[in-house]
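K.L.:
Kindly generate the corresponding structure for this input.
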Amino acid sequence: QPYPELAGRALWVTATGSRMRDLARAPQEGCGLIRIASDGASYGVAWGPAAFRPTSELPTHLAVHAALRRSGSRCRAVLHSHPTELLALTHLPALTQERLNRLLWSMTPETVVLAPGGVALVPYLPPGSPEIGAATARAVQRHELVLWEKHGATAVGEDLAAAFDLLDAVNKSAVLYLACRTAGFQPRGLDEQQVAALRRGIAKKPTADS
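P.N.:
Here you go, the predicted structure:
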């Protein structure tokens, strides 16, 4: 699928089959630079290790980057990962996006502050498919973190550190919830009034442009 919004742009991406533990040690061996053609309909490898092939989730990355550029977002980094605890929550019976966010917000104020708009929940779709890319691109118009049912999560940020921090903080809520359940009790969590008060406080904060 062509993405004219990305025409001429360069993207730094991980290679298919790369492992995070190896990337931390030698990122140049598991990453490459691709450049989108001037018509936005193809790409070439501008730099990378021998036989470099981009991540199998490239359709999603391209769709999300295109959506971010269309919306004028300042987010330039897209991070896809498989956070164990958040994925475990997607196996809860009768899970809805509303129920998921209520649970995550209730576990720690940090999640409310960093993700006041909540997390988008995308029902299971085949990994690496154009369908999951399109669903994620729609979701990032309102959410900076998208959880793929029984698969993984995609976070966006102004840089990779911001995307990682968001994903890490929200996953902490899942860790706390599962730790409480493992200990044998249902966590009480923040109530709806406490969560609402936090969100009101965020809405009142002045922005850099105000």
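K.L.:
Report the rounded mean pLDDT for whatever helix or strand residue 173 lives in.
P.N.:
Counting by DSSP states H and E, the element that carries residue 173 is helix 160-182. When pLDDT is averaged over helix 160-182, the result is 97.
K.L.:
What residues sit buried inside it?
P.N.:
162-163, 166-167, 169-178 (16 or more other CB atoms under 10 Å). For glycine as for every other residue, the C-beta is placed from the backbone atoms N, C-alpha and C.
K.L.:
Just checking the distance from that helix to the centre of its chain.
P.N.:
Centroid separation for helix 160-182 versus its chain: 12 Å, with CA atoms, centre = their mean, to the nearest Å.
K.L.:
same thing with stretch 185-201?
P.N.:
23 Å.
K.L.:
Give me the buried positions along it.
P.N.:
Neighbour-count burial for stretch 185-201 [16+ other CB under 10 Å]: 189-190, 195, 198.
K.L.:
cool, stretch 58-70 as well?
P.N.:
58-69.
K.L.:
Equivalent analysis for stretch 123-135, please.
P.N.:
125, 132-135.
K.L.:
if we take the residues you listed, which one ends up nearest to residue 103?
P.N.:
Closest approach between the buried residues of stretch 123-135 and residue 103, by CB to CB: residue 135, at 21.6 Å.
K.L.:
Checking that closest one next. Helix, strand or coil?
P.N.:
helix (DSSP: H, G, I helix; E, B strand; the rest coil).
K.L.:
that older thread, which one of the buried residues of helix 160-182 is nearest to residue 40?
P.N.:
For these, the nearest to residue 40 is residue 163 (23.6 Å; CB to CB).
K.L.:
Who are the packing partners of the helix or strand where residue 154 lies?
P.N.:
For residue 154, the element it lies in under DSSP H and E is strand 152-157. Here strand 152-157 touches helix 58-71, strand 77-81, helix 84-89, strand 145-148, helix 160-182, going by 3 or more CB pairs under 8 Å, 6 or more residues apart in numbering; DSSP states H and E.
K.L.:
again, 7 Å this time
P.N.:
helix 58-71, strand 77-81, strand 145-148, helix 160-182 (3 or more CB pairs under 7 Å, 6 or more residues apart in numbering; DSSP states H and E).
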